[in-house]
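**Q** what follows is a protein structure lacking sequence information:
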C-alpha cells in the first residue's frame, strides 16, 4: 500500500530509509515544541496551549504535504514569524494576540488563493537555476550557523560573533559546546563510513553523552540560565484541555478597534516572509535532493505550496503563529528521504509529541546542532554546480550575494531578495536584459520598495 501511495521504487527509496529520514527530520525540528511556546508566552498566550496547537498544526500541514505533494518536507511554526507576532504586533503595536492570529489566518487564506492561481508557482519558476543553486548553498550556511548557535559554539562578541570560551561556565555552556563538537565528529565519521541513519544516530548519541555527563556531574542543570535537565521528568501527558485557551480565538477580536492600515501592514509582513522563506526552503532542499527538472522547476510544487497555506490557516485557528516549510527538512533529505512517507512519519511524530511532549522537549539543542551543521555541509556541496567563469558572472555574483546574505542577515528571504535585485541590475546594466523575465523585474521592484517602506 505504501508503494502505491508514495511510489517508493520510482524515487529509488524504501520504507526503512523513509522512516529513518522522517524520524531524523522530526528530531531536528523538535526544538520548536519548546521554543515556540516560550516566545508566544511573551505575547500572553498559554504556553501549554501553544505547544499542543503547534504539534497539531504541524501534523495537519505535514500530512497535507505527504499526501497532496508526496514530498519529504515537514512544516511547523516558523521561527522569526513567531517572534514578529509576539514582539512586534503584540508588544510593539499593542494589539492582542487574538488580533495577530487573525492576521495569520487571513494571510493563510490569501496564500491558498495565490497557490490555486499559480502565482507562487510562477515566482518559483521565474528564479534562474544558478540563483536557485546559490539559495541552496546559502541555506546550507544558514543551517550550519543555526547549528553553531544552538551548540553554544558561536556566541556574541565585540566582533559580532566569536567562538565560545569553553573553560568559562564549563559545567553548563562549556560542556554543551564540547559535546556538540564530539557529536559532529561522530556524525561525520558515520557519514563517511556510509552508516545508514548517521544523522539520527548522531543526535541520539550526543544526547546520551549529555545524560552521562549530567549523571557524573560534568553537566549541571541550571534552569535560570537556560540549561535544563537532560533526563525527562516524565514520559506521557494526556491532558489536552489547555488547547481550549487558544482554539478559535483568532475570531474573538473587537473588529471595531482594528486600524485597517496596521492590519494590512501586519498581513503583508507575514505574507512576505512566509512566501519567500517557503520558496527558499523548497528551492534549496529540492535542489539538494535532485528533485528539480532540467529547467530548474519543481514538479508538483502547487500542492506543496497549498499544503503550506492550509497549515498556516489551520494553525491560526488552533492557536499558533505562521506555519511554514522547515529548512530542517534538509536533514531528512540528507538521510535519504525522497517521498511523502518521510513527511508522514514526521507528521505522526508531531501528533505523538502531544502525548510524549516531556520526552521530545527534553532533547537539548546541542544534541541536534551536529545534525544541522552536517546538513549545512551537504547543502553547501551544491556550490560546485555554480560556474564562476567570466562569461557567467551576471549569474554567479547574484548567487554569491544570496549565499552570504542568508547567514549574515539571518534570513532566507533577505538572501532571495538581494539575489533577485542584484540579478536584475547586473544583467540590465551589462546588456543582458533579454535574460530577465518580466516577473523578475516585478519581484526586484517589490523588494526595493520593501526596503524603502518596511
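**A** All right, it came through fine. Treat the numbers as computed from the prediction; the structure is a model and nothing was measured.

**Q** could you chop the protein up by domain?
**A** Described in terms of automatic domain parsing, the domain architecture of the chain consists of the residue ranges 12-382, 387-453.

**Q** among those domains, which is nearest residue 1?
**A** Distances from residue 1 to each of the domains of the chain were compared using Cβ to Cβ; the minimum, 10.7 Å, belongs to domain 12-382. (Glycine included, C-beta is placed from N, CA and C.)

**Q** report the rounded mean pLDDT for that closest one.
**A** Averaged across domain 12-382, pLDDT comes to 87.

**Q** that one: end-to-end distance?
**A** 21 Å (Cα to Cα, to the nearest Å).

**Q** correct me if wrong: residue 310 contacts residue 64.
**A** Yes. Taking contact to mean Cβ atoms under 8 Å, the distance of 5.3 Å between residue 310 and residue 64 places them in contact.

**Q** quick one: the helices in the stretch 151-300 of the chain?
**A** With DSSP state H, counting those that start in this stretch applied, the stretch 151-300 of the chain shows helices at 175-192, 198-216, 260-289, listed in chain order.

**Q** tell me the angle the second one makes with helix 175-192.
**A** What it means is helix 198-216. 150 degrees (axes from the mean of the first three to the mean of the last three Cα atoms, to 10 degrees).

**Q** contacts for helix 198-216, please.
**A** Under the criterion Cβ atoms under 8 Å, 6 or more residues apart in numbering, residues 20, 23-24, 27-28, 175-176, 179-180, 182-184, 186-187, 190-191, 195, 219-221, 229-231, 331, 334-335, 363-364, 366-368, 370-371, 374-375 lie in contact with helix 198-216.

**Q** do I have it right that residue 225 meets residue 176?
**A** No. Here residue 225 does not reach residue 176: they are 11.1 Å apart, not a contact under Cβ under 8 Å.

**Q** assign the residue nearest to residue 50 when sequence neighbours are not counted to helix, strand or coil.
**A** Take residue 50 and drop its neighbours on the chain: the residue closest to it by Cβ to Cβ, 6 or more residues apart in numbering is residue 37, 4.1 Å away. Secondary structure assignment for residue 37 (DSSP: H, G, I helix; E, B strand; the rest coil): helix.

**Q** returning to what we had before: between residue 225 and residue 176, which one's more packed in?
**A** residue 176 (28 against 11; other Cβ atoms under 10 Å).

**Q** ok, the more buried one - contacts?
**A** When contacts are taken as Cβ under 8 Å, 6+ apart, residue 176 is in contact with 151, 152, 210, 219, 227, 364, 366.

**Q** got it, and residue 51?
**A** Residues counted as contacts of residue 51 (Cβ under 8 Å, 6+ apart) are 33, 34, 36, 37, 357, 361.

**Q** and for residue 289?
**A** Here residue 289 is in contact with 72, 333, 338 (Cβ under 8 Å, 6+ apart).

**Q** please repeat the previous calculation with a cut-off of 7 Å.
**A** Residue 289 makes contacts with 333, 338, as judged by Cβ atoms under 7 Å, 6 or more residues apart in numbering.

**Q** same question, the one 10 residues further on
**A** Residue 299 makes contact with residue 293 under the criterion Cβ under 7 Å, 6+ apart.

**Q** could you rerun that using 10 Å?
**A** Residues near residue 299 by Cβ atoms under 10 Å, 6 or more residues apart in numbering: 69, 70, 71, 286, 291, 292, 293.

**Q** ok, now residue 291?
**A** With Cβ under 10 Å, 6+ apart as the criterion, the residues that contact residue 291 are 11, 71, 72, 282, 285, 297, 298, 299, 300, 301, 333, 338.

**Q** so how far is residue 367 from it?
**A** Distance of residue 291 to residue 367, computed by Cβ to Cβ, to the nearest Å: 29 Å.

**Q** cool, and residue 326?
**A** For residue 326, the distance to residue 367 (Cβ to Cβ) stands at 18 Å.

**Q** what about the helices in the stretch 351-454 of the chain?
**A** Read by DSSP H, counting those that start in this stretch, the stretch 351-454 of the chain holds these helices, from start to end of the chain: 357-360, 365-380, 393-408, 412-429, 438-453.

**Q** between these, which one is closest to residue 145.
**A** Judged by Cβ to Cβ, the one of the helices of the stretch 351-454 of the chain that comes nearest to residue 145 is helix 393-408, at 4.4 Å.

**Q** just to revisit the earlier point, and the helices of the stretch 351-454 of the chain as a markdown table, adding mean neighbour count and distance to residue 319?
**A** As requested, these are arranged in a markdown table below (neighbours: other Cβ atoms under 10 Å; distance: least, Cβ to Cβ, whole Å):
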| stretch | mean neighbour count | distance to residue 319 |
| --- | --- | --- |
| helix 357-360 | 19 | 15 |
| helix 365-380 | 26 | 24 |
| helix 393-408 | 22 | 30 |
| helix 412-429 | 22 | 25 |
| helix 438-453 | 14 | 29 |
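
**Q** quick one, which of the ones you listed is nearest to residue 238?
**A** The nearest among these, by Cβ to Cβ, is helix 357-360 at 10.3 Å.

**Q** for that closest one, packing partners?
**A** Applying 3 or more Cβ pairs under 10 Å, 6 or more residues apart in numbering; DSSP states H and E, one finds that helix 357-360 makes contact with helix 15-29, helix 32-41, helix 47-64, helix 340-352.

**Q** mind putting those helices in TSV, distance to residue 428 included?
**A** As requested, those are exported to TSV (distance: least, Cβ to Cβ, whole Å):
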stretch	distance to residue 428
helix 15-29	40
helix 32-41	41
helix 47-64	39
helix 340-352	40
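
**Q** ok, which of these comes nearest residue 426?
**A** Across the helices and strands packed on helix 357-360, residue 426 has its closest neighbour in helix 15-29 (35.6 Å, Cβ to Cβ).

**Q** the closest one: which residues count as buried?
**A** Neighbour-count burial for helix 15-29 flags 17-29 (criterion: 16 or more other Cβ atoms under 10 Å).

**Q** hmm, back to that, neighbour-wise, which one of the contacts of residue 291 leads?
**A** Note: the member of these with the most neighbours is residue 72, at 34 neighbours, neighbours being other Cβ under 10 Å.

**Q** any idea which helix or strand carries that one?
**A** Under the criterion DSSP states H and E, no helix or strand holds residue 72.

**Q** ok, it touching residue 332?
**A** Yes. Distance between residue 72 and residue 332: 5.5 Å, which falls inside the contact criterion (Cβ atoms under 10 Å).

**Q** find the nearest non-adjacent residue to residue 172, please.
**A** Closest residue in space to residue 172, ignoring its immediate chain neighbours: residue 227 at 4.5 Å, by Cβ to Cβ, 6+ apart.

**Q** tally of neighbours for that neighbour?
**A** 21.

**Q** so what's it bridging to?
**A** Bridge pairing for residue 227 (DSSP bridges) gives the partners residue 222.

**Q** how about the contacts made by it?
**A** Contacts were defined as Cβ under 10 Å, 6+ apart; by that measure residue 227 touches 152, 169, 171-173, 175-176, 214, 219-221, 364, 366.

**Q** for residue 441, state which of the residues you listed is nearest.
**A** In terms of Cβ to Cβ, no member of these lies closer to residue 441 than residue 152, at 44.0 Å.

**Q** no further questions, thank you.
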